[in-house]
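>>> sequence and computational prediction follow.
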Amino acid sequence: MRIQHLILKSFALGIASLLVSPFFTACNHDEIGACFTASDNNISPYEVVTFTNCSSLQTVDQACYWSFGDGEDTTIYGNSPVYHSYTQTGQYEVKLKTGEGSKESTHTLEFSVF
């Protein structure tokens, strides 16, 4: 009985740690590997979210094109984090495009502002 209790407790703690993870991961490594994480995927208006570029094969002089789904876009070179806030509630589609030509890769994440 005690072993079953410990197993259930360990399982519950594992699930809880997944639910309160401080980063929302949105990685899809394809050939070029456009990938990014967000510090949170459910925020309030005017709350700042950090998007971190974790793309594979990314160089410091390569352009990364970010689109935040609210009409704002930015270009960052290399893997520097990007900070953004939304002024209105809603669903947004965040996109990161890396590479050029045949080595271009895009990754998209649905993002909620409540």
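Great, that's in hand. Treat the numbers as computed from the prediction; the structure is a model and nothing was measured.

>>> give me the neighbour count for the residue nearest to H84 when sequence neighbours are not counted.
Closest residue in space to H84, ignoring its immediate chain neighbours: F68 at 5.2 Å, by C-beta to C-beta, 6 or more residues apart in numbering. Just so you know, the C-beta spots here come from the backbone N, C-alpha and C atoms, and that holds for glycine as well. The number of residues packed near F68 is 19, by other C-beta atoms under 10 Å.

>>> my guess is F68 meets Y92, correct?
Yes: counting by C-beta atoms under 8 Å, F68 touches Y92, with 6.5 Å between them.

>>> I43 pairs with what?
Beta bridges link I43 to V113, judged by DSSP bridges.

>>> which residues touch it?
I43 makes contact with 49, 86, 112-114 under the criterion C-beta atoms under 8 Å, 6 or more residues apart in numbering.

>>> swap the cut-off to 10 Å and go again
49, 84-86, 89, 111-114 (C-beta atoms under 10 Å, 6 or more residues apart in numbering).

>>> farthest pair in those residues?
Greatest spatial distance in those: H84 and F114, 16.0 Å, computed using C-beta to C-beta.
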